[in-house]
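Novice: pasting a predicted model and its sequence here:
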Amino acid sequence: MHRPIRGHRRAGRGALAVTAAVLAAVAMGCGSSDDSGSTSSSSGAATASGDTIPVGILHSLSGTMAISEVSVRDAELLAIEEINAAGGVLGKKLKPVIEDGASDWPTFAEKAQKLISTDKVAATFGGWTSASRKAMLPVFERNKALLYYPVQYEGLEASPYIFYTGATTNQQIIPGLEFLKEELKVKDLFLVGSDYVFPRTANKEIKAWAKANAMNIVGEEYSPLGNTDYATTVNKIKQAKPDAVFQTINGDSNVAFWKQFKDSGLDAKSLPVTSVSTAEDEVKGVGIDNIVGQYVAWNYYQTTPGAKNEAFVKAFKAKYGEDRVTDDPIEAGYVGVHLWAMAAEKAGSTDVEKVKAASKGLVFDAPEGKVTIDGENQHIYKTARIGKLRPDGLIDTVFESDGPIKPDPFLKTYPWAKGL
Amino acid sequence: MDVILNQLFVGLSIASILLLVALGLTFTFGQMNVINMAHGEFIMAGAYTTYVLQTALGTGAITLAFGLALPAAFLVAGTLGLILEFLVIRRLYGRPLDTLLVTWGVGLMLQQLARDLFGAQNVNVSAPAFLDGGVTIFGADLSFPRLFIITVVLVVVTAIAIYMGRTPAGRRMRAVMQNRPLASVSGVRTTRVDRTTFFIGSGLAGLAGVGITLLGPVGPTLGLAYIIDAFLVVIVGGLGQLRGAILAALALGMANSFIEYNTSTSIAKAGVFLLIVLFLQWRPQGMIVQQRRGLA
């Protein structure tokens, strides 16, 4: 690290320019450009030799999304440990290769390429925000490699190289809206979200649904990821006087939103909020006092009944501590690893095309209940569950769909969704 | 009318938060010209101090823990600042580029330290019971946490003004800032003054951290959300100018509040940045200019 310090020039004016550049880089989320050239290697070739199978784990372990994604990584590692304890896949142990996407979308693309071409992983489990998935999608398609994506998202996508283990719109947002309409008799709805692809697309769908269901959208507000001041947003909500708020804020900003929502004198009684991005794991950072009684829409809660879930929660707490909680994306991450392992076992190979073929109609007894892979769009059948925050920070199911809902990412079976 | 009053209060509140996070920088950046990119992490340290005290004293003593956190966070962040000054910054005076890069690295290390100590997830800091809720005056909703932050800022600004203007230590600080060689030959021990200045500047960041726990997330990357705003306030206000920082914070807070009300949060952020760029084209030295009594 030795540099010629003595001859160093005192930098005067340049300093301000550099300050500005660094500040700008911080503001934008500094990331280098897309992945480098080497795209020749196919992950199918990865698997042949050695007595371990490398698998990639790619989540934000730093930055604004780390709050959510670190736990999903933990769940995926737990699943890998379970699979290895049961003898591995095709007689080989799985070896996780962990990379940090750093809450920065180009970094996700870059690290995905690195996992595929340098580490030769058989499959990658990763991503959270839709922006990170959209950044990784071309990398996985170009390399014909597999990504298991564990988070509910806005739909309108079905890449042949991605398995979507979280909910698509018709398994989460639409049941959430139906709950507001049927159970809470909501007429006027206010939409609040983070400013990126998921909330914007989800709200487009919500508006189309509302039009067909005689619900008024009385306001629509977006804030940048990482935003910390919601005073003006809350004022706008108060002025619009909605019956309920539909909230798609992601990451750290949730804490600021809920704290300031409550400080302004609003609560679950005076104005119910349905969130599709706040789960048990985030509640701990929000503070249960700020959010108790509010509603969330997911497919799994720590309290979901069943022996499979009890075992999962017990194993998760045993490995990571009694104070940890499980939630929907954590479960979906865990399910993704098991689904890939089952498919590889069934295919007798980790070759991508064979795993894809073996995945069609695959059934797994997951903590959320039985899930089935839809062979057509590679999403999974999931039961929609609307939950209510209780004072201890866990979530009770207050409304549940009749069994698992068939995934319909393009909303083809919904007439109101034409033209989206 | 309600709308204007409400947004005036929001603007005042944003201004108070901006000023709170920027006050420390008016010392370290403004007075000493040290570009301390770890300033945000000192804010984080203050926030985590509140969390540690609350956890240690239990749920029965949330108000007490919060009260103790104010001086404790000042000391914790101030001490961190002293260590940083002693180990790194004093070797790099007059080399702003190196200082910038090194303190950025230190900031990343502090973030990772927080992640290792407290986990990557946000932690919950409860607001004391007396700050629950708010009052409505002339149709404007004034929430107690925001009123509390405004009060803290008023108290701190008054204290700084007295310290800088009325005490011998403050006079020495201004002397060093205005003309270091002359202060030095007049018998002022500039290294000690530097150390004190850095301690106070960093400590104020810790204090800001306590206030911020009332409104936002407490996590390892908390500092990143505020560091840019803090630098902007100091640059727009004019380096080292307390009055400048106050004016800048008010201007930015009000601009943010009213632009956001009429457009959206994202556009308000961009709009405020644009206004700052235009303003600095017109007045690169900031709102208030330091009178220098030197040849430099």
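Specialist: Looks like it arrived, so ask away. Numbers count the residues shown, from 1 in each chain, chains lettered A, B, ... in the order given.
Novice: thought B:V10 was touching B:A255?
Specialist: No: using CB atoms under 8 Å, B:V10 is not in contact with B:A255; the gap is 11.7 Å. (Each C-beta comes from the backbone N, C-alpha and C, glycine too.)
Novice: what about chain A, any weak spots by pLDDT?
Specialist: Scanning chain A for pLDDT under 70 picks out the ranges A:1-49.
Novice: quick check, central residue of it?
Specialist: Taking CA atoms, centre = their mean, the centroid of chain A lies closest to A:V151, which sits 2.8 Å from it.
Novice: just the strands in the stretch 251-400 of chain A please.
Specialist: A:273-275, A:295-298, A:363-366, A:369-372, A:385-389, A:395-400 (DSSP state E, counting those that start in this stretch).
Novice: typo on my end, the stretch 1-150 of chain B
Specialist: B:134-137, B:140-143.
Novice: buried ones in the first one?
Specialist: When you say that, I think you mean strand B:134-137. Buried residues in strand B:134-137, counted by 16 or more other CB atoms under 10 Å in any protein chain shown: B:G134.
Novice: show me what it is packed against.
Specialist: strand B:140-143, helix B:144-166 (3 or more CB pairs under 8 Å, 6 or more residues apart in numbering or on different chains; DSSP states H and E).
Novice: one more time with 10 Å, if that's ok
Specialist: helix B:2-25, strand B:140-143, helix B:144-166 (3 or more CB pairs under 10 Å, 6 or more residues apart in numbering or on different chains; DSSP states H and E).
Novice: adding distance to chain A, mean neighbour count and mean pLDDT, write the ones you listed out as JSON lines.
Specialist: Converted to JSON lines, the helices and strands packed on strand B:134-137 look like this (distance: least, CB to the nearest CB, whole Å; neighbours: other CB atoms under 10 Å in any protein chain shown; pLDDT from 0 to 100):
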{"stretch": "helix B:2-25", "distance to chain A": "4", "mean neighbour count": "23", "mean pLDDT": "89"}
{"stretch": "strand B:140-143", "distance to chain A": "4", "mean neighbour count": "21", "mean pLDDT": "82"}
{"stretch": "helix B:144-166", "distance to chain A": "5", "mean neighbour count": "16", "mean pLDDT": "92"}
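Novice: just the helices from the stretch 1-150 of chain B, written as ranges.
Specialist: For the stretch 1-150 of chain B, the helices defined by DSSP state H, counting those that start in this stretch occupy B:2-25, B:39-57, B:62-87, B:96-118, B:144-166.
Novice: gap between the last one and the chain center?
Specialist: Helix B:144-166 has its C-alpha centroid displaced from the chain centroid by 12 Å (CA atoms, centre = their mean, to the nearest Å).
Novice: likewise stretch B:180-191?
Specialist: The answer for stretch B:180-191 is 28 Å, by CA atoms, centre = their mean.
Novice: likewise stretch A:72-86?
Specialist: That offset, for stretch A:72-86, works out to 18 Å (CA atoms, centre = their mean).
Novice: export it as PDB, just CAs?
Specialist: The C-alpha trace of stretch A:72-86 is given here as PDB (Å, rounded to 0.1, in the frame of the first residue of the first chain):
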ATOM      1  CA  VAL A  72     -33.700 -15.100   3.000                       C
ATOM      2  CA  ARG A  73     -30.100 -16.000   2.600                       C
ATOM      3  CA  ASP A  74     -30.300 -17.600   6.100                       C
ATOM      4  CA  ALA A  75     -33.300 -19.700   5.000                       C
ATOM      5  CA  GLU A  76     -31.600 -20.800   1.800                       C
ATOM      6  CA  LEU A  77     -28.600 -21.900   3.800                       C
ATOM      7  CA  LEU A  78     -30.800 -23.800   6.200                       C
ATOM      8  CA  ALA A  79     -32.400 -25.600   3.300                       C
ATOM      9  CA  ILE A  80     -29.000 -26.500   1.900                       C
ATOM     10  CA  GLU A  81     -27.900 -27.800   5.200                       C
ATOM     11  CA  GLU A  82     -31.000 -30.000   5.500                       C
ATOM     12  CA  ILE A  83     -30.500 -31.300   2.000                       C
ATOM     13  CA  ASN A  84     -26.800 -32.100   2.700                       C
ATOM     14  CA  ALA A  85     -27.800 -33.800   6.000                       C
ATOM     15  CA  ALA A  86     -30.100 -36.000   4.100                       C
END
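Novice: what sits closest to the residue in chain B that chain A sits nearest to if chain neighbours are left out?
Specialist: Chain B approaches chain A most closely through B:N122 (2.7 Å), counting by CB to the nearest CB. Closest residue in space to B:N122, ignoring its immediate chain neighbours: A:G285 at 2.7 Å, by CB to CB, 6 or more residues apart in numbering or on different chains.
Novice: wait, what's in contact with the one you found?
Specialist: A:G285 makes contact with A:67-68, A:252, A:254-255, A:258, A:278, B:119, B:121-125, B:217-219 under the criterion CB atoms under 10 Å, 6 or more residues apart in numbering or on different chains.
Novice: doesn't A:F163 lie inside a strand?
Specialist: Yes: assessed by DSSP: H, G, I helix; E, B strand; the rest coil, A:F163 belongs to a strand.
Novice: for it, which residues count as its bridge partners?
Specialist: A:Y148 (DSSP bridges).
Novice: before we move on, the earlier item: out of the strands of the stretch 1-150 of chain B, nearest to B:G30?
Specialist: strand B:140-143 (30.5 Å; CB to CB).
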